[in-house]
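Undergrad: make a model of this:
(3 chains)
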Amino acid sequence: MTALLDIAGLTAGYGKKTVVRDVALTLRTGEIVVVLGHNGAGKTTLVRAIFGLIRASSGRVSFDGRDITGRGPSANIADGLALVPQGHGIFRTLNVRRNLELGGFSVTSRDVIAERMERVFALFPVLRERQAQIGGTLSGGQQQMLAIGMALMPAPRLLILDEPSIGLAPLLVERVMESIREINENYGTTILLVEQNPRLALKIAARAVVMNRGAKIYDGAPEVLADERKLLELF
Amino acid sequence: MELVLHIGVMICIYAILATSFNLLIGFSGLFAFGHAVFYALGAYITALTALRLHLPFPLPLILSVIGTGLLGLAVALPALRISGIYLVIITLALQVIAIDVIINWTSLTGGPTGISGIPALSLLGKPLTGPAVFLPAAVIAAAACFLIARHIGDSPFGRSLRAMRENESAAASVGKNIFYMKVSIFGVSAALASVAGSLFAYYLSYVGADSFQVSETVLILSMVVVGGTGNLVGSVLGAALLVILPEALAFVDLPEGIAAQLRLLIYGCVLILFLVFRPEGLLREPRRGGRHAVAVSGNAAAELTTAAPAGGVVLEGTGLRKRFGGITAIDALDIQLTRGRVTGLVGPNGAGKTTAFNLLTGFLPADQGDIRFRGQLLRRLRPHELVRAGIARSFQDLRLFAGMSVLENVLVALPRQRGDGLLTLFLRPLLVRRQDAANTSRAMAILDFIGLADRAFDLAEDLSYAEEKLLVVARLIATEAEVLLFDEPLSGLDAGAMRKIIDLLRRLAAGGKAICIIEHNLEAIRSACDQLIYLDEGRALAQGNPETLMADADLVRRYFR
Amino acid sequence: MDLFAQLLANGLGNGAHYALLGLGFGLIFTTTRIVHFAYGPVFAVSAFAVWLAVAVGGLPLAAGVVLAPLTAAAAGALVYWLAYRPFERRGMSSHSVLILSLGLSIVLESLLTLIFGPNIHTVPGFAPPIFILGPVFLTGLQIGEVIAVLGVAGALLLFLRQTRYGHAILALSDDRDMARIVGIDTDRISLIVFALGSAIAAVAAVFTLLNEGATPSMGFNPVFVAFVVAVVGGLGSIPGSILGGFLVGLVESLGLWKIPTEWQNSIAFVLLFVVLLARPQGLFAGARR
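TA: Here you go, the predicted model:
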């Protein structure tokens, strides 16, 4: 398998503050990689820099063999990246259908949008029932499904999820992790999953990365981390 | 020559307006754009009392200051409810209404024609007519106003104002009374502006609505921005620059209407140029809190950590329950914080840890259950009352006073500062100075204890993440509260820094504090806490010492879900 | 009773004017979060463009009227691109942007005064038709403006609901960060919003020109009225802006029954004061578009 995403020496932050320091990371096509770490470890900054929401101060990001460093989100989406941001990754005042359409903003054909929406509904049937409901009034779990559904609308090759389990009850977390695995299996979508709670994420991941204080401190098999003692050491 | 003297008088008047406005927007971060209203009220009160009531100087000036100061207090009330652009708009609206009142209340204000024939200011029986004799009086008034403004700006009160500007909720959480600060700074700023108005009325022996339009407020604003927000000397320079610059037009022969427009054009352009090319203004905000070494009063560290008798429940919550909409965030929670012990709240994300904190500190009212502090039922206190009572908390997002020095961040949090009261500040300046010197040494001692003494004079925003977290601890210690609640004091730290903070917490507990922390890192919790409460879905699933709880494989598995 | 009917009619006419102002300003504010004080001078510029075309250039009025929204759109877009956007890029605080917009409005207004002089410029030879309905006198302009505001609001609703750009605008006013995440070019959408909002204001400006004539400071009060209307109606709500506009118009006009005429101007500001303090989310919040 070839490298889909290749990051070298990535350093990024906000204003004068450097949050992510010299991170290297490679994702092969079809892989699920989980990034673990505490609050403030730099996980969110890392994915926002990859996606082009903030500018990296140094380093290089390439996607599918092409240098995409410094490009904005709209160009990255066109190339096949998508991000489910932390918190509520939806438009809270708009209805479910409008949210999904906006998720597919980069897609101009109405037919393609309709087709992709069917795919999302197949994955999350509850969204079909709630099409006309305003996003902000959905339950936490439904909002997270909608957020993932929106990111799927442009049919990304790489799906980045920033703590999709945050604030969800354990059963729902399981459900979300399950759908991430389904997306990976059914569409061959490569997944970069950022998580704070490792147990379930480690189950579906092919590889795990641990960050601390903006740097990568572990990159390897998830089985190693499944051992509680090892986790306690790293965390 | 006459013109030069006239310019001098105008610079004095505007210097007063700009410095007083700077106290509001630069120091306190209160963007209330109605300053010309205070200016106008001062001018009209002086004009009316001097002309109609024939009151001799200084009575009209005194009445102006009192009347306008009271209006300032009233204008502060909206600022307590709303902030940001809404405050800007509402104060601009106030300005428009005030001008309408002036223009329409013809019987009192003379309407559009204004009031003329105001008797000249006379001192010792000598009338001060004409710029040559008026200038000394104007300079004295401006100097007095400047000194008052500077005395406030450089005082502990001024420091608290800047803390409020940097982060209002954090300022309240270290014991600052936001209501008092907002109301009093509005009063002072308005009163000072009225002195300028009074001078104006005496000097021109005429007042009219045209001098106090919205564009006048924008002019004063430009002076502050050009001079540098937060720098009072800058405001004087800004006033001088913007008064002198348009006078260059006097040498070109222009019809009066065009000259007035050109003047506005010049103000606007200078303002925009500064915003674009030098947003910090002519002079930067000065670093306050000294630059030179401060003596460390040596006993502070020792005193903080001298072994005190442990035991004794200080803060206790029983049967706490809190629902948000349909979700129960906290259910039947019992929690006891004991003097001399560190209690850890652990549990997965969304377990209700921060909500428990908010209930204990009264940031949120509980739906059910009691909170007792030193055995007394805790009634709902405002944040600054709570910290003064002895319960202090930190925030997950730190909320440091970023634009202030490390030393000031600690200094501002010290309790019982006499210099926080305006009256004491002016009536007992020596007492305030003495106490502040002692406080500064004490703040330095706390920084020394924490290990940040070498960064004391750097801005908080220039600290590294680990240093920021240390400063949070220092600021909380400075409040001298007995109960300290830390929201994730260790997250994102490397082993060394973590070790250091854990050690600090242990020593503080040994010194008699009751400490509670929210934390994720189990290894850190093991060495930091005496007692753990494991929260999951709002309930305390288990409670006990860290070793036992962590040996419970089931809990550990739940934690890592 | 006759007086009441007349005041009611006047209130509706003014209300339509205010609703137009509020629609344009509200669109810009909710989408970009910029308090656009330079909305005032842009409003004046569009009126002067029409005056120049008709009174100086000799174009027929109908042709001149078309110029107004075009000029305003260009001026509004220019202000955004040259002034606000660079500021936002540099991460300046919202207060700096606000002070910039105040400064800009002073500069533009004084430039207009230098060019055109402070006097009133009217369109020569224009007299609106007058309709008499029982006790009530109505001018063609009053009726025209009510029709205009309904037309503009309808078109705007259709645009926002049915077009790709409309959806992008809704997305942007909901959550700017999310809009970038789904790939919306927020700079371009802001530019469009500034053009659109200014064009809507220009419709109102044409009516002011025909009613009272144009002066360089004609945009000063409208900025505030626009803000009042947008806030009273609930920011982000098109029906709210319409209702807010008519409410302000009616309160102001019916207030004249009891309050002397010279205070008419203050009524809107007092209303703003009360609404902002008592119910900052607006009177008609909940009537979302």
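
Undergrad: can you list the residues of the stretch 201-350 of chain B near chain C?
TA: B:214-215, B:218, B:221-222, B:225, B:257-258, B:261-262, B:264-265, B:267-269, B:271-272, B:275-276, B:279 (Cβ under 8 Å from any Cβ of the partner chain). Heads up, the C-betas are built off the backbone N, CA and C, glycines and all.

Undergrad: right, and residue B:159 touches residue B:230 too?
TA: No - counting by Cβ atoms under 8 Å, residue B:230 is not a contact partner of residue B:159; they are 12.0 Å apart.

Undergrad: now, the residues of the stretch 201-350 of chain B next to chain C that are in helices?
TA: The helices in this structure, assigned by DSSP state H, contain B:214-215, B:218, B:221-222, B:225, B:257-258, B:261-262, B:264-265, B:267-269, B:271-272, B:275-276 from those.

Undergrad: gap between whichever strand or helix holds residue C:9 and the chain center?
TA: In this assignment (DSSP states H and E), residue C:9 forms part of helix C:2-32. Centroid separation for helix C:2-32 versus its chain: 9 Å, with Cα atoms, centre = their mean, to the nearest Å.

Undergrad: just the buried positions in it, please.
TA: Of the residues in helix C:2-32, C:7, C:9-32 count as buried by neighbour count, 16 or more other Cβ atoms under 10 Å in any protein chain shown.

Undergrad: for the stretch 151-289 of chain C, which segments are assigned as helices?
TA: C:164-174, C:176-181, C:186-212, C:220-233, C:238-255, C:264-278 (DSSP state H, counting those that start in this stretch).

Undergrad: so which of those comes closest to chain B?
TA: Distances from chain B to each of these were compared using Cβ to the nearest Cβ; the minimum, 4.4 Å, belongs to helix C:264-278.

Undergrad: the closest one vs helix C:2-32, what angle?
TA: With axes from the mean of the first three to the mean of the last three Cα atoms, to 10 degrees defining the directions, helix C:264-278 sits at 50 degrees from helix C:2-32.

Undergrad: hey, C-alpha coordinates of helix C:264-278 in PDB?
TA: What follows is helix C:264-278, C-alpha atoms only, in PDB (Å, rounded to 0.1, in the frame of the first residue of the first chain):
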ATOM      1  CA  GLN C 264     -39.300  62.100  16.400                       C
ATOM      2  CA  ASN C 265     -35.600  61.400  15.800                       C
ATOM      3  CA  SER C 266     -35.000  60.300  19.300                       C
ATOM      4  CA  ILE C 267     -37.800  57.800  19.500                       C
ATOM      5  CA  ALA C 268     -35.900  55.200  17.500                       C
ATOM      6  CA  PHE C 269     -32.900  55.600  19.700                       C
ATOM      7  CA  VAL C 270     -34.800  55.300  22.900                       C
ATOM      8  CA  LEU C 271     -36.400  52.200  21.500                       C
ATOM      9  CA  LEU C 272     -33.000  50.800  20.700                       C
ATOM     10  CA  PHE C 273     -31.900  51.600  24.300                       C
ATOM     11  CA  VAL C 274     -34.800  49.800  25.800                       C
ATOM     12  CA  VAL C 275     -34.700  46.800  23.500                       C
ATOM     13  CA  LEU C 276     -30.900  46.200  23.900                       C
ATOM     14  CA  LEU C 277     -31.200  46.400  27.700                       C
ATOM     15  CA  ALA C 278     -34.300  44.400  28.200                       C
END
